[in-house]
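Visitor: Turn this into a structure:
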Amino acid sequence: TRAQHSMWKGHYYHGSYPFHTAEWLVIEGPLNRALFHQAVELSLKEAKALHWRALEKEGQVYRVDDVGLREPKFVDLSDLDEQAILAWADQEVEPPFDLSRGHLYDYTFAHLGEQKYGLFFRAHHVALDGYAYGLMISRFLDYYQALKNASALKNKGFDHFDQFLADEQRYLASPKAEKDLQFWRDHFSHELAPKKRLKQKLKQPFYQGPRYEAVIDWDTQQQMNALAAELKLPSAMVVMAVMMCYLVKQSGDPQQCFGVPMMSRLGTAAMRIPCLVMNILPLRLAGTAQENLAETVQLLAQRFNEIRPHQNSYFEQMRHVLDGFDPYENILFGPIINWIPYPLPEQFEGCRLTKTTISAGPIEDFDVAITNKFVNGVERLYLAVDGHKELYDVASLGEYWHDFMRMLRTWFAQPELSCAALKITKKLPV
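Guide: Numbering: from 1, shown residues only. This next block holds a predicted model:
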């Protein structure tokens, strides 16, 4: 796919590590470990996008589907506390993948204590995106429940991603592909060409970084839910809109471009294919700073409506067709603001499931992720901020997280205030 080829090129130029992704699952309860191991293996066998290698031939790169299932690892981490386990997971992210051999993923089963187990699952971004991880974990649970209860699977099996390739080729050959590119040329060229937020040069411009994540407090969540219901929009849209205001205030640039991952799977076979489909598109809030809270959220919804019909233009292609934009000296968007709306179940077969994202892939500066998760049966919003490791550590990211939350709570306390009237206290590095 276009997305896979982009990641292959990134791997070739920047090395493997920036493109590593990983999730850590903790399962508490009477898990039948043998059945769970079998469920994971059956799910991995179904996921064809995990079993191929890259073959370079005469300047071209081809996918070869002849790679077998990888063997799991087993570890005992029962002597470690939670902080030490997360440090172990961070180290496990690091070993390089080899695309030429088809080493695209690894998985480790961990013993954590009495009726407490872990699964560390990592993959190269060329194989899986965030939505694909959700598909995989849901399939683990589906197979486990079917095996444990001798029942049918609840969901149909994964499709082979050749079906998605066919969808993509049909789109690229259609008149709409050029029409979509023209939209981006018209709206992001010349004086409207995206500009970097970060001015300083980094030793490793494309790298992994630390994360600070916490749940948004319940009082604020309820206020967001009420506003979202009034506007007929998701609550996460409120967080995204206010975060964009916060980052525009940080940069001082009302034309600041943000990266927004789009759900380009809709209407394609990729809805049931765990693979890399992710597309990140530039979006400007482009407000006047005189909008109040509700107007700001509505403005963001309008901006999404403007770009959504053209979301199948791939960002790597876009970089090379915008007029007045240097793809080698600039970046297509500044901070990425991602919303992951599909919460995993909190309970399954008498067990409690907790998921922690260990690595979400490469970071160029400062990125944001908003995730729906169940907490004691209630769907809550978690906010994570990721930063490049040359610029941020966990403590500094936590300070930005709390600075943003102060601004968000202030706006809810005085929703008629304009964005211009709001204050930030901690400046991002430039």
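Visitor: Mind jotting down where the strands sit in the stretch 301-430 of the chain?
Guide: 337-340, 347-348, 351-360, 366-375, 378-387 (DSSP state E, counting those that start in this stretch).
Visitor: Just tell me which of the ones you listed ends up closest to Q60.
Guide: Distance to Q60, taken as C-beta to C-beta, is lowest for strand 351-360 among those, at 29.8 Å. For every residue, glycine as well, the C-beta is placed using N, CA and C.
Visitor: same question for the closest one, mean pLDDT?
Guide: For strand 351-360, mean pLDDT rounds to 95.
Visitor: go on, stretch 146-158?
Guide: Rounded mean pLDDT across stretch 146-158 is 95.
Visitor: what about the closest residue to V375 other than its chain neighbours, distance to D81?
Guide: Nearest residue to V375 in three dimensions, chain neighbours excluded: V215, at 6.5 Å (C-beta to C-beta, 6 or more residues apart in numbering). Distance, V215 to D81, by C-beta to C-beta, to the nearest Å: 21 Å.
Visitor: the more surrounded of those two?
Guide: Higher neighbour count among V215 and D81: V215, with 13 against 9, using other C-beta atoms under 10 Å.
Visitor: Output the strands of the stretch 301-430 of the chain in a markdown table; the columns should cover distance to E291.
Guide: Formatted as a markdown table, those follow (distance: least, C-beta to C-beta, whole Å):
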| stretch | distance to E291 |
| --- | --- |
| strand 337-340 | 18 |
| strand 347-348 | 41 |
| strand 351-360 | 30 |
| strand 366-375 | 20 |
| strand 378-387 | 22 |
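Visitor: closest to D253 out of these?
Guide: Judging the strands of the stretch 301-430 of the chain by C-beta to C-beta, what sits closest to D253 is strand 366-375, at 14.2 Å.
Visitor: counting contacts, what elements does that closest one pack onto?
Guide: strand 211-215, helix 235-251, strand 337-340, strand 351-360, strand 378-387 (3 or more C-beta pairs under 8 Å, 6 or more residues apart in numbering; DSSP states H and E).
Visitor: Which element is encountered next along the chain beyond the first one?
Guide: Right, the one you point to is strand 211-215. Going down the chain from strand 211-215, the next helix or strand is helix 218-231, by DSSP states H and E.
Visitor: Now do that following helix: distance to the chain's middle.
Guide: 24 Å (C-alpha atoms, centre = their mean, to the nearest Å).
Visitor: Check stretch 311-330 too.
Guide: Mean-position distance between stretch 311-330 and its chain equals 21 Å (C-alpha atoms, centre = their mean).
Visitor: ok, and what's touching that stretch?
Guide: Residues outside stretch 311-330 that contact it (C-beta atoms under 8 Å, 6 or more residues apart in numbering) are 2-3, 6, 9, 171, 176-177, 180-181, 183-185, 188-191, 193-196, 259, 262, 264, 279-282, 332-333.
Visitor: 6 Å instead?
Guide: With C-beta atoms under 6 Å, 6 or more residues apart in numbering as the test, stretch 311-330 has contacts from 2, 6, 171, 180-181, 184, 188-190, 193, 196, 262, 264, 279-280, 332.
Visitor: Tell me how far the residue nearest in space to the middle of the chain lies from K203.
Guide: In the chain, the residue lying closest to the centroid (C-alpha atoms, centre = their mean) is G130, at 4.8 Å. G130 sits 27 Å away from K203, going by C-beta to C-beta.
Visitor: Count the residues that sit near the residue lying closest to E46 once chain neighbours are set aside.
Guide: Spatial nearest neighbour of E46, excluding adjacent residues (C-beta to C-beta, 6+ apart): F158 at 4.5 Å. Neighbour count for F158, taken as other C-beta under 10 Å: 20.
Visitor: Where does F158 sit: helix, strand or coil?
Guide: Counting by DSSP: H, G, I helix; E, B strand; the rest coil, the backbone at F158 sits in coil.
Visitor: What is the neighbour count of the spatially closest residue to A384 that is not a sequence neighbour?
Guide: Among residues not flanking A384 along the chain, E213 sits closest, at 3.7 Å (C-beta to C-beta, 6+ apart). Using other C-beta under 10 Å, the number of residues around E213 comes to 17.
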